[in-house]
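Chemist: structure for the following, please:
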Amino acid sequence: MCHANNNKKNNMNAETQSAYISLASNFYATRMQGVELDELNIIGALLRAAPDYRPDYYRRLRNALAFDQKHRGNFWAAQEINRTLNPVTVLNLPRKKKQRRPQKLSTADFEAWLRCLAERDMPVEAGALMVISLTGARPCELNGISIDGRRIHISGAKLSHNGLRGASRTLEADGDVCNILRNALAAFKCQPRSMDSIRVALHQVATELFGRRKVPSMYTLRHQFGSNLKASGMSAIEMAYVMGHQATDSISRYGDKRFGRAEAVKVKPASDADFSKVRDTVPARMRADAVALNDQRDLDRRTEVADG
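Modeler: Numbering: from 1, shown residues only. Below is the predicted model:
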């Protein structure tokens with residue numbers, strides 16, 4: 001068995017502890033059904049699952065399992081789990097490649113995904129999908145969303161270029177949309193769950209529903225939301241603000257106008273939205289592209305003259 005020393009911090013915040021316990025519980029439920037949760041069985045299941053995970057996720061899962069066992073009073077098991085190296089990295093086995101995320105999702109597929117989650121009584125996952133589809137929020141921002149009347153406040157998860165939080169935003173929507181969002185947020189928060197366990201559960205359901213070729217994720221909905229914004233005719237500054245971007249050229253990485261549905265956009269920047277933190281970088285980038293194009297044209301002309 002592969003082992004390594006693993007120095008853990010003595011202090012761990014409550015949110016991390018909760019996330020670790022949730023992640024471990026999901027592993028037991030999906031990888032160890034009907035199996036006794038002892039040291040050898042947990043380590044065996046972890047080693048068998050290793051090829052399915054990227055190394056960074058393996059480390060996080062191992063830490064979660066070790067913490068959970070320590071939390072249960074199984075200190076010896078926790079120590080042995082913590083010392084279990086990843087066989088993929090130790091033996092230099094082929095590593096699981098990061099899958100390219102699908103960047104579009106049809107309305108029919110989205111509704112089918114929601115129905116499947118409802119049939120399986122998975123309100124947390126369904127709530128997460130609904131909130132992201134309506135607001136474009138990052139998955140890590142879901143716990144920081146609040147609604148006051150027709151105003152939707154999203155506490156930004158990204159730091160601005162000068163180290164200050166710069167992606168928080170306030171949106172507006174009509175009453176019906178806000179009611180849907182309130183219900184979706186309530187469903188999302190009805191059980192204490194880590195984002196890791198939600199992500200894994202959504203992946204499993206989506207794989208069964210859509211097959212393994214292009215499995216949508218929560219970020220697929222954010223990409224689709226970006227496409228919808230582009231089709232809606234919003235300005236670059238407004239789109240960047242709604243998406244929680246700090247610069248207007250960031251929207252270029254999200255979505256494609258050809259796949260957008262303008263009618264799906266149900267939110268807009270609040271009437272008193274502060275756009276001052278959004279840097280208008282599109283003109284600068286366009287100027288840089290123009291300079292590069294002119295330089296290339298000059299080079300081509302000089303080459304033609306030299307050849308002639």
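Chemist: Ala184 is in contact with Thr135, isn't it?
Modeler: No - applying CB atoms under 8 Å, one finds Ala184 not in contact with Thr135, separated by 9.5 Å. Any C-beta I mention is one placed from the backbone N, CA and C, and that applies to glycine too.
Chemist: higher neighbour count, the two?
Modeler: More neighbours surround Thr135 than the other of Ala184 and Thr135, with 28 against 23 (other CB atoms under 10 Å).
Chemist: you'd agree the more buried one is up against Ile154?
Modeler: Yes - Thr135 is within contact range of Ile154, at 6.5 Å (criterion: CB under 8 Å).
Chemist: overlap in contacts of the two?
Modeler: Common neighbours of Thr135 and Ile154, counting by CB atoms under 8 Å, 6 or more residues apart in numbering, are Ile145, Leu171.
Chemist: this structure: strands as residue ranges?
Modeler: Here the chain has its strands, by DSSP state E, at 145-148, 151-154, 169-172, 268-269.
Chemist: tell me which of those strands is the most buried.
Modeler: Among the strands of the chain, the stretch with the highest mean neighbour count (mean count of other CB atoms under 10 Å) is strand 169-172, at a mean of 22.
Chemist: hmm, who's touching that one?
Modeler: 135, 150-154, 156, 241-242, 244, 267-273.
Chemist: how about 10 Å then?
Modeler: With CB atoms under 10 Å, 6 or more residues apart in numbering as the test, strand 169-172 has contacts from 134-137, 141, 145-156, 177-178, 181, 240-245, 266-275, 277-278.
Chemist: which PyMOL command selects the buried ones in the residues you listed?
Modeler: Buried subset of the contacts of strand 169-172, written as a PyMOL selection, criterion 16 or more other CB atoms under 10 Å:
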select buried, resi 134+135+136+137+141+145+147+152+154+156+177+178+181+240+241+242+243+244+245+266+267+268+269+270+273+277+278
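Chemist: just the ones in helices from the contacts of strand 169-172, please.
Modeler: Of those, the ones assigned to helices by DSSP state H are Leu134, Thr135, Val177, Cys178, Leu181, Ala240, Tyr241, Val242, Met243.
Chemist: what about the fourth one, distance to Glu263?
Modeler: Translated: Cys178. Distance of Cys178 to Glu263, computed by CB to CB, to the nearest Å: 18 Å.
Chemist: who are the neighbours in contact with Asn26?
Modeler: Asn26 neighbours (CB under 10 Å, 6+ apart): Leu61, Ala64, Arg193, Ser194, Asp196, Ser197, Ile198, Arg199, Val200, Ala201, Gln204.
Chemist: please repeat the previous calculation with a cut-off of 8 Å.
Modeler: Asn26 neighbours (CB under 8 Å, 6+ apart): Asp196, Ser197, Val200, Ala201.
Chemist: and the closest residue to the second one other than its chain neighbours, how close does it get to Gln17?
Modeler: Spatially, and ignoring its direct neighbours in sequence, Ser197 is nearest to Asn26 (4.1 Å; CB to CB, 6 or more residues apart in numbering). Taking CB to CB as the measure, Asn26 falls 15 Å from Gln17.
Chemist: surely Pro139 and Arg199 touch.
Modeler: Yes - in this structure, Pro139 is within contact of Arg199 by CB under 8 Å, at 7.3 Å.
Chemist: for those two, list the residues in contact with both.
Modeler: Common neighbours of Pro139 and Arg199 (CB under 8 Å, 6+ apart) are Met218.
Chemist: how many neighbours does the closest residue to Leu117 other than its chain neighbours have?
Modeler: Nearest residue to Leu117 in three dimensions, chain neighbours excluded: Ala126, at 4.2 Å (CB to CB, 6+ apart). Residues near Ala126, counting by other CB under 10 Å, number 22.
Chemist: for the one 4 residues further on, same thing?
Modeler: Residues contacting Met130 under the criterion other CB under 10 Å number 21.
Chemist: and it, how far is that from Pro123?
Modeler: Going from Met130 to Pro123 by CB to CB gives 10 Å.
Chemist: so what sits against both of those two?
Modeler: Counting by CB under 8 Å, 6+ apart, the residues touching both Met130 and Pro123 are Ala187.
Chemist: still on that earlier bit, next, format the ones in helices among the contacts of strand 169-172 as CSV and append distance to Leu37 and pLDDT.
Modeler: As requested, the ones in helices among the contacts of strand 169-172 are exported to CSV (distance: CB to CB, whole Å; pLDDT from 0 to 100):
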residue, distance to Leu37, pLDDT
Leu134, 39, 98
Thr135, 38, 98
Val177, 44, 98
Cys178, 43, 98
Leu181, 38, 98
Ala240, 47, 95
Tyr241, 47, 96
Val242, 45, 97
Met243, 42, 95
